[in-house]
Each structure stands twice: as C-alpha cells, then as structure tokens.
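Peer 1: Provide a 3D model corresponding to the input given below.
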Amino acid sequence: MTFSLRTLRRASVFAMLLATAMPAHADEFRIAVGDGAGGTQEALGLAFVKALEEKSDGKHSAKLFLNGQLGDEQDTVTAAATGTLDFSILAINNITPFSPSVGTLTLPYVILSLEDAEKITQGEIGQQMVEKTIEDAGVRIIGWAYSGFRVLTNSKKPVTTVADLQDLVVRVPKNEIMIETYKSWGINPTPMAWSETFAALQQKVVDGQDNPYMTVHAMKFDEVQKYVTNIRYIFSIEPLIVSEQLFQSLSAEEQAAVIAAGQEATLASGQFLRAQEASIKEQLVANGMEISDPADGEAEFIERATTAVWPKFYDSIGGKDVLNGVLTALGRSAVE
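Peer 2: Below you'll find the predicted structure:
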C-alpha cells in the first residue's frame, strides 16, 4: 500500500492536532473550578490531584481549570451529570437547585463555625447528602472545601445594621434560600451568575455581594469593593463533585482511590482555612478594605432570617426533621 506525500502530510498534521488536544497525562481528568488562584477551591483541587496521583500509583491525574473556564458553576453540574465533564468544585448553593436537601447547609445561621461544617460534612449526615445528590443530580460529592463565612462587601458605605442595607443593590447567586434571606432583611437582591459578578461590581451595576474572605481575595474584589461586614449567615462549604457516569466506569480499585483522595483533600481544606484566613483578612485591609462587625452581635439579622426563611424551606430540604437532624448533631435545640 502506498500513500501520497499530501496524505502523509495531512496525517502528520492530524496527529499533531490530536496530541495537542489530548491531555498531557493519558488519564488526566478535567476539574472545573469557579474561583481564581489562591482560594480554597484551588487548594482543595490541588490537594485532590496530589492525593489521586499517589493513590492511583500515577495512573490517574487531573488538571484544574480556574475562573470558570469550563462554564458557570451551575452549568458544570449539568455537564458532570451528562458525562461531558469529569469533576467540578463549586459553592454548595450552586448544587442546591439540583439536590434541594443539600440546601440545609445554606439555611441562614445553621452552620456557625468551621468545626460545625467539618462535623456535618464528614459524618453520617454528610454521607446522606452524598447519596441524595447522586440520586437527584447524577453527581457524587467526594470532597468538601471549607471557605469560611460569606461576609458582605460593598462599594458605598460601612454596614452594621439591617437599616444600613436598605439602599444597597446586592448581588446574590441564583439560589432561592439566599434570595429569601436578603428579602427577610428588607431588600430585593439581584440574582446574577458568578461569571458576571466582577464586571457588575466594577461597573456599579450592583453595589455589593457576599463571599468568604478567601474568595474576596482570590477574585480580587478588593479592587472594586471598599467595605466589609462580618455577617455570618452562611458558612461557605464547596463540594468537589465527580460525574457519576465517570465514577461508575472506574474499577473498584480506582473508585477507592478517588474516594480516598477526596477525603484527604477535605482534611487539607480545613487546615488551609485555619492557616490562611487571618492573613488574608490582614492583606485585604492593607489593600484598603475597611471591616466592620454587625451591631448587637448580629441579633437583628439572625432573628429576621431564621424566623422568616427556615419555615419556607422545610419542604424543599426534605422536611423539618432534616434540619432538626443537623441541629441536634451540632448540639443545638431542634425547632418545633
């Protein structure tokens, strides 16, 4: 059989393009990451990749795609569910629309510390949420990033009371629990995709947003925001999900390596937050941000949100008993 020079050249070019398109590692997975470099999402991802390579004896690796390169966080859930994306790290509020029971952890003032977050996600309740998410969304949670409380930032003025909020336009994710929380404080927030947020803040389309200090730093929000309020209504927990289609295609040994790597990365995330958050806050202040605490220990924010918001979402999270299970596990009183 003979080939023309032109055919050989075409074959050579095709081979080069194929080699360029293929990952550097034969079994290199893609991990979508919503945030930029330096945050807890990236830290969780890097820890997972390192652990996966070790636990699979180098057979598997993965590459992080930061800053939403592979799509908005909610879009990556759909992509993973349909098998067109391998892994994603995203804010828990962006998986709640697909698996509402996970929304228990986004109810205002349920998770009150890093220790609360670790206890719930790494225990029996966390495992129940993993199983529900597989059933509801077609993705499997294999790890958790702990990013800290979603503090409020804005470009206009210090905010210490609910009254101070009233003339601010605040961006929130497209998450009903978070929208209703701001409504309980007397304002109508602006739901907006994560990928649009920085530009909207920069162009003054919205005045403020809320996210953990780690995210504020990673996304360089200090360049477009001046004031920070230490509200604690949501402790940001960010799951690492894997396509269930992909997971089921792996051997039992490979599945075990993925699970173990996720567990190791989860432990590393807690350590990362403890080690980095204080210095990140100091850096943001050095960059010109001003930090305030809510008046009266946040009492008005807490009373309004828990009274108005919790009952609205009992049904969507699977019933009041689901919330009470979390509260009881944390040593707090159940709601009646």
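Peer 1: those helices in the stretch 201-336 of the chain, which residues are they?
Peer 2: Assigned by DSSP state H, counting those that start in this stretch, the stretch 201-336 of the chain shows helices spanning 213-218, 244-249, 252-286, 299-308, 320-329.
Peer 1: ditto for the stretch 1-150 of the chain
Peer 2: 5-21, 40-55, 73-81, 114-121, 124-137.
Peer 1: Point out the one among those that comes closest to Glu253.
Peer 2: helix 40-55 (9.6 Å; Cβ to Cβ). The way it works is simple: take the backbone N, C-alpha and C, and place the C-beta from them, glycine included.
Peer 1: centroid residue for this protein?
Peer 2: The chain has Ala91 as the residue nearest its centroid, 1.8 Å off, counting by Cα atoms, centre = their mean.
Peer 1: winner for burial among the helices of the stretch 201-336 of the chain?
Peer 2: Highest mean neighbour count among those (mean count of other Cβ atoms under 10 Å): helix 213-218, with a mean of 26.
Peer 1: Just give the nearest non-adjacent residue to Asp167, would you?
Peer 2: Leaving aside its sequence neighbours, Asp167 sits nearest to Lys156 (Cβ to Cβ, 6 or more residues apart in numbering; 7.9 Å).
Peer 1: so that neighbour makes contact with Lys204?
Peer 2: No: counting by Cβ atoms under 8 Å, Lys156 does not reach Lys204; the two are 9.5 Å apart.
Peer 1: okay, the two: which has more neighbours?
Peer 2: Lys156 (15 against 11; other Cβ atoms under 10 Å).
Peer 1: for the more buried one, helix, strand, or coil?
Peer 2: Look at Lys156: counting by DSSP: H, G, I helix; E, B strand; the rest coil, its state is coil.
Peer 1: what pLDDT does it get?
Peer 2: Per-residue pLDDT puts Lys156 at 98.
Peer 1: who's in contact with Val206?
Peer 2: Going by Cβ atoms under 8 Å, 6 or more residues apart in numbering, Val206 touches Val169, Val170, Arg171, Thr190, Met192, Thr197, Ala200.
Peer 1: Around the second one, count how many other residues there are.
Peer 2: If you count neighbours by other Cβ under 10 Å, Val170 ends up with 22.
Peer 1: swap in the last one?
Peer 2: Counted with other Cβ under 10 Å, residues neighbouring Ala200 total 18.
Peer 1: any idea how far the closest residue to it other than its chain neighbours is from Thr190?
Peer 2: Counting by Cβ to Cβ, 6+ apart, Val206 is the residue found nearest to Ala200 once chain neighbours are left out, at 4.9 Å. With distances taken as Cβ to Cβ, to the nearest Å, Val206 is found 5 Å from Thr190.
Peer 1: Spit out the residues that contact those two alike.
Peer 2: Common neighbours of Val206 and Thr190 (Cβ under 8 Å, 6+ apart) are Val169, Val170, Arg171.
Peer 1: returning to that earlier point: could you dump the helices of the stretch 201-336 of the chain into JSON lines and include mean pLDDT?
Peer 2: Conversion of the helices of the stretch 201-336 of the chain to JSON lines gives the following (pLDDT from 0 to 100):
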{"stretch": "helix 213-218", "mean pLDDT": "94"}
{"stretch": "helix 244-249", "mean pLDDT": "98"}
{"stretch": "helix 252-286", "mean pLDDT": "97"}
{"stretch": "helix 299-308", "mean pLDDT": "98"}
{"stretch": "helix 320-329", "mean pLDDT": "96"}
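Peer 1: Quick one: closest of these to Val77.
Peer 2: Closest approach to Val77 among the helices of the stretch 201-336 of the chain (Cβ to Cβ): helix 244-249, 11.4 Å.
Peer 1: strands paired with the longest strand along the chain, and their directions?
Peer 2: In the chain, taking DSSP state E as the definition, the longest strand is strand 139-149. Using DSSP bridges, strand 139-149 pairs in its sheet with strand 235-243 (antiparallel).
Peer 1: between the strand it pairs with and helix 114-121, how big is the angle?
Peer 2: Using axes from the mean of the first three to the mean of the last three Cα atoms, to 10 degrees, one finds that strand 235-243 and helix 114-121 are set 30 degrees apart in direction.
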